[in-house]
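*Asks:* Sequence isn't available, so here's the structure alone:
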């Protein structure tokens, strides 16, 4: 069928319209499919949100946590990001990779961890908690307390950041000193001393400690010695009182003395008892008291019997040919009471001659041993001594320089002394030439007066004293710092090489390089021929004050606490002692060499407390900085330095001090109540 041209146009347009509608429908369908298929091959959209994990998080102080940030677009699809991390509300720090480190202050830090990418950010909350127990502090520390006293200790625990952590400690005593209950209440024991780190509080593997010093408690008892004491009519006896607390620790006391049941009289301050003329036993008659505490001693007064024996000293003794020796005779009755005698002296078996009145023996020219040749006679009773005469002339073998070592302030002076000895340790007179060989200062070649230089340091063996081919040296430490004060203040007693209560006696050849003081007595015998280089104070006000200061120093030394480990139980010869306080209720003996080790400290202090006597047959050697001025010998009765003893330190004796022939001291011989007796060739030099 043929169509007109117009109908063909209309038909074509209709077909195009249908095609357009189909194309439009397909396009719309495509858009719908694209909008639904978000996980198709198309790329994610822009970042629209961040999420931080974990959130919230709990950490201990200084703990760490890795945080992670997840980014998504508006449809929830993951978006790869590299966030910037920061802490905005405290609680710790964070690294660029998101590793968070908790701080030291516990608490909840809301929205503090922040991750940011562009203008999108998110936060997380962190709670910081206390760390585990890391440290325990016990207080008070240190603490000093008397024996039997109680002390409450407290333990405080903290974590590594110092935050207090609550805990219940387990209490214990680990180094002695007393007892401790479960609540931390400590009761001091009876042993005095310092107990380092003895109080312990423990929780798990964490401990804290405290140090306790236990001191003597209140005075509980007084012991008076000797008791019983037997003495002849009108003679004297020195009594001593020692105070102790309930634990038996020594308490320094200055008692009042009295006689309560007859038998004699007593000095109320010193305890020196004088027997009466009526014999008998006087029970608990001597009384020493302080307040309501007292101690007693029994005295038996006996009549003096007839002379039965004479003891001549020294015996045996060696004397150089043509040399001299002073002999002394002491008489006693059958009970051992001392008799005052005026003997007649003679030589009965050769060896030399003797002054019949004074007992001064002069050796002959013939060498040998003359047994029982020196005779002292009173009435029908005699005593004897043996003399060995040596024909060899004495030869100098050693020179000892003192003090050695010594510390001297820059530009100040120090007097040195030299003592020469032969091979038998006998002292020989020398006039040394002084020199400085290793620096440190200058010295007067004739006098030995050293002047320290301006450069500090230790100058080993620098001061030299030379006599012929023999020399001795001393070490000097030049310091710019003044030394600390001495352990005890000797006061006006300090300038004295000798102090005595009654008298000072020297036989021959003695040299005292210091002052000499006597009070209340005033008797000096043997000067000359013996020599005192200083000033003599004989019964004057200076001497009286010196005895007061000596008594105070003596009591202070006697009252120093002595650790139980430092108790002296045997002769000290052949031992080495570090600095400290050493003690015995009886006597101290030194046979051989006692070495005192300063441990490198020039201020190291040594104190030796003897309840009764000090007897020596040896020497004191100081090493590693120890100095004689810092050594103290507190002696409860009398001290005797044996033949040729080379002693160092300050002797403070209650009664008397004796130096036998050729004994020397770098120190002081300070006797409170009795005499100081020198033999032959003794030398005392201040330290």
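*Replies:* In hand now; what should we look at? None of the values given here were measured: they were computed from a predicted structure.
*Asks:* next SSE after the helix or strand bottoming out on mean pLDDT in the chain?
*Replies:* Using mean pLDDT, DSSP states H and E, the weakest-scoring helix or strand in the chain turns out to be helix 5-36, at a mean of 40. Later in the chain than helix 5-36, the nearest helix or strand by DSSP states H and E is strand 49-53.
*Asks:* So residue 56 versus residue 106, what's the distance?
*Replies:* 15 Å (CB to CB, to the nearest Å). Just so you know, the C-beta spots here come from the backbone N, C-alpha and C atoms, and that holds for glycine as well.
*Asks:* if you count what's nearby, which of those two comes out ahead?
*Replies:* Set residue 56 next to residue 106 and count neighbours by other CB atoms under 10 Å: residue 106 wins out with 17 against 13.
*Asks:* Model confidence at the more buried one, what's the number?
*Replies:* On pLDDT, residue 106 comes in at 93.
*Asks:* OK, contacts around the most centrally placed residue in the chain?
*Replies:* By CA atoms, centre = their mean, the chain has its centre lying nearest to residue 580, at 4.8 Å. Contacts here follow CB atoms under 8 Å, 6 or more residues apart in numbering; on that basis residue 580 touches 563, 566, 606, 607.
*Asks:* who wins for most neighbours among those residues?
*Replies:* residue 606 leads the contacts of residue 580 on contacts (other CB under 10 Å) with 26 neighbours.
*Asks:* what's the distance between that residue and residue 567?
*Replies:* For residue 606 relative to residue 567 (CB to CB), the value is 15 Å.
*Asks:* So which of the contacts of residue 580 is the closest to residue 367?
*Replies:* Residue 367 has its nearest neighbour among the contacts of residue 580 in residue 606, at 42.8 Å by CB to CB.
*Asks:* pLDDT at the closest one, what is it?
*Replies:* So, for residue 606, pLDDT stands at 97.
*Asks:* nearest residue to it other than its sequence neighbours?
*Replies:* Distance criterion CB to CB, 6 or more residues apart in numbering; nearest residue to residue 606, sequence neighbours excluded, is residue 631 at 4.7 Å.
*Asks:* how many neighbours does that neighbour have?
*Replies:* 25.
*Asks:* ok, back up a step: the residue nearest to the centre of the chain bridge partners, please.
*Replies:* residue 606 (DSSP bridges).
*Asks:* Check it and give its pLDDT.
*Replies:* Predicted confidence (pLDDT) for residue 580: 96.
*Asks:* mind listing what the residue nearest to residue 606 touches?
*Replies:* Residue 631 makes contact with 596, 605, 606, 620, 622, 648, 649, 650, 667, according to CB under 8 Å, 6+ apart.
*Asks:* I'd like those residues laid out as JSON lines, including distance to residue 378.
*Replies:* Formatted as JSON lines, the contacts of residue 631 follow (distance: CB to CB, whole Å):
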{"residue": "596", "distance to residue 378": "45"}
{"residue": "605", "distance to residue 378": "48"}
{"residue": "606", "distance to residue 378": "45"}
{"residue": "620", "distance to residue 378": "39"}
{"residue": "622", "distance to residue 378": "45"}
{"residue": "648", "distance to residue 378": "40"}
{"residue": "649", "distance to residue 378": "39"}
{"residue": "650", "distance to residue 378": "39"}
{"residue": "667", "distance to residue 378": "37"}
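*Asks:* From the residues you listed, pick the one nearest residue 385.
*Replies:* Distances from residue 385 to those, taken by CB to CB, are shortest for residue 620, at 29.0 Å.
*Asks:* hey, what's the closest one bridged with?
*Replies:* residue 594.
*Asks:* Please give the element, helix or strand, for the closest residue to residue 527 other than its chain neighbours.
*Replies:* Of all residues not flanking residue 527 in the chain, residue 506 sits nearest, at 6.1 Å (CB to CB, 6+ apart). Assigned by DSSP H and E, residue 506 belongs to strand 503-508.
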